[in-house]
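[1] starting from these lines, generate the structure:
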Amino acid sequence: MITGRTRPNDVYLIGGHYDSTSASAATNAPGAEDNASGTAGTLEMARILAQYPPQATVRFVTFAGEEQGLIGSQAYVNSLSAAERARIKGAFIMDMIGYKSAAYPTNVLLETSSAVPGTVSLVTTLSQNAQTYTTLNVAISYDPWGSDHVPFLNANMAAILLIEQEYDSYACYHRTCDT
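    Residues are numbered from 1 along each chain as shown. Below you'll find the model as predicted:
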């Protein structure tokens, strides 16, 4: 965690899951793309932000059990008191962020729910900044499913999934070749 310089009571969470799966999950599920890439992204964000402390507090969390039904992120959300939930202004979850397919012009999908207060503003700001400060092409979906942002959204907490648009075209998705 990095305590915010001017707004320490406002918390933003950055995270991803570190478990993986394959047809041989008990013995061979390397998970480089799904989701060592999200865990590496979380660690890199921590490294960078340590050099440039943000105004609000940033908490870095990685979860287990995503592939088994969002177990870790659901347990995390369930462990939060009402006061702590109110402090969290947004959760940014990275899942499968290391693959680029030539078949898709879009590099990143930002997925959230427009029904949760604050998400539209967060996803708009994130999209605008990505387009201004990076070469990423951005797509937005308001149809959330299947990753660790969902328990936050279900608890009416603002959350965004950052995932590559072409994740399902990755030939080693949930396979033993995800190295």
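[2] only C-alpha atoms for contact and neighbour calcs from this point on.
    Will do.
[3] can you pull out the helices in the protein?
    37-51, 71-79, 82-87, 119-133, 150-154 (DSSP state H).
[4] any idea which of those is most buried?
    helix 150-154 (a mean of 21; mean count of other Cα atoms under 10 Å).
[5] output it as PDB, nothing but the C-alphas.
    Written as PDB, here are the backbone C-alpha positions of helix 150-154 (Å, rounded to 0.1, in the frame of the first residue of the first chain):
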ATOM      1  CA  VAL A 150     -17.300  -8.700 -10.500                       C
ATOM      2  CA  PRO A 151     -17.400  -9.100  -6.700                       C
ATOM      3  CA  PHE A 152     -16.600  -5.400  -6.300                       C
ATOM      4  CA  LEU A 153     -19.400  -4.500  -8.800                       C
ATOM      5  CA  ASN A 154     -21.800  -6.900  -7.100                       C
END
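[6] pLDDT on stretch 34-46, on average?
    Here stretch 34-46 scores 97 as its mean pLDDT.
[7] C-alpha coordinates for that stretch, CSV please?
    The C-alpha coordinates for stretch 34-46 follow below in CSV (Å, rounded to 0.1, in the frame of the first residue of the first chain):
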residue,chain,number,x,y,z
ASP,A,34,-3.6,-15.8,-17.6
ASN,A,35,-2.6,-14.4,-15.3
ALA,A,36,1.0,-13.9,-14.5
SER,A,37,0.7,-10.9,-16.8
GLY,A,38,-1.8,-9.2,-14.5
THR,A,39,0.2,-10.0,-11.4
ALA,A,40,3.3,-8.5,-13.1
GLY,A,41,1.3,-5.5,-14.1
THR,A,42,0.2,-5.0,-10.5
LEU,A,43,3.8,-5.3,-9.3
GLU,A,44,5.0,-2.8,-12.0
MET,A,45,2.4,-0.3,-11.0
ALA,A,46,3.6,-0.6,-7.3
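[8] Ala158 reaches Ser121, doesn't it?
    No. Taking contacts as Cα atoms under 8 Å, Ala158 lies outside contact range of Ser121: 9.6 Å.
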